[in-house]
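> Curious how this folds, go ahead:
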Amino acid sequence: MNMITVSYIFHSGFVVETNKEVFVFDYYRDPANIINSIEPNNRPIYFISSHRHPDHFVPEIFNLGKRFDNANYLLSHEIKQCAAFRRHVSKEDASKATFLYRGDCWSDNDVKITACPSTDIGISTCVQTDDITIFHAGDLNFWHFEEERSEREVKMARGQFEAALRDIKNLGFNEFDIAMFPIDFRQGKHSELGAKIFLREFKVKHFFPMHFWDNAEKATNFDTYRNPEYGLYHKLTIPGESKNIYYNE
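Okay, here's the model as predicted:
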């Protein structure tokens with residue numbers, strides 16, 4: 001029996017640790033100092049940033065990776081042009097980054113990372129390792145804001161979201177062992193609808209909400225959006241909280 005540990009950093013930030021690797025998704029702030037407390041144990045670390053928004057990418061990741069003998073930086077392509085990257089990332093560190101467009105795949109001996117579509121700038125990402133598939137949505141969501149948009153705009157937003165999900169399926173993904181997906185109550189009513197559609201379209205064994213700002217309690221009211229027929233739903237809302245998931249290779 002093998003174990004994966006999923007830890008909540010903050011906002012959309014998560015650490016996923018296996019026996020062989022460490023994955024850091026959308027690092028922004030780390031109130032519990034999780035990253036610096038990780039023991040490398042000869043494992044490579046992979047920093048994955050879905051897009052340039054400052055609550056999803058900060059240049060600090062290049063310093064955080066220096067404790068690891070093998071640090072990898074997989075960044076959405078437009079991050080290379082953002083002010084934070086151009087002003088605060090040295091040429092040496094910039095040379096270590098790989099920039100991904102939607103549909104791109106990057107791999108080494110043990111890990112495959114696929115850049116999937118988003119409904120915002122940037123990408124969502126799928127990580128495959130040891131027969132485990134991990135999905136991080138970035139800002140992929142049904143961003144509908146019904147109180148601020150016309151009926152036509154809402155229909156367009158839904159169409160865009162459903163098209164992105166179809167494109168993810170066309171990349172070969174129909175189910176995920178672990179998925180992290182936004183539940184953003186700034187949208188007002190039906191804020192959970194994007195997650196509800198996502199969980200209907202994909203089989204997700206272990207689901208973790210994110211991007212919930214100050215609405216952690218609402219975001220973890222799983223009965224409002226869970227797939228009643230499949231999956232386990234986990235409440236990680238305090239920085240530093242973690243969940244161990246056991247699996248067979």
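> quick one, phi psi at the residue nearest the centre of the chain?
Nearest to the geometric centre of the chain sits His136, at 2.5 Å (C-alpha atoms, centre = their mean). For His136, the backbone dihedrals (degrees, to the nearest 10) come out as phi -120, psi 120.
> do the same with Glu78
Dihedral angles for Glu78 - degrees, to the nearest 10 - are phi -80, psi -10.
> residues near it, how many?
16 (other C-beta atoms under 10 Å). For every residue, glycine as well, the C-beta is placed using N, CA and C.
> That one is in contact with Arg52, isn't it?
Yes. If you go by C-beta atoms under 8 Å, Glu78 and Arg52 touch, sitting 5.5 Å apart.
> Which residues are in contact with each of these two?
121-122 (C-beta atoms under 8 Å, 6 or more residues apart in numbering).
> what packs against the strand or helix carrying Met180?
Assigned by DSSP states H and E, Met180 falls within strand 175-182. Applying 3 or more C-beta pairs under 8 Å, 6 or more residues apart in numbering; DSSP states H and E, we find strand 175-182 packed against strand 132-136, helix 193-201, strand 203-210, strand 242-247.
> low pLDDT regions in this structure?
146-148, 249 (pLDDT under 70).
> Looking at it, which helix is longest?
Ordering each helix of the chain by length in residues (DSSP state H) puts helix 151-170 first.
> And the helices in this protein?
34-37, 61-64, 83-88, 91-94, 151-170, 193-201, 216-219.
> Out of those, which one sits most buried?
Mean neighbour count (mean count of other C-beta atoms under 10 Å) peaks for helix 193-201 among the helices of the chain, with a mean of 20.
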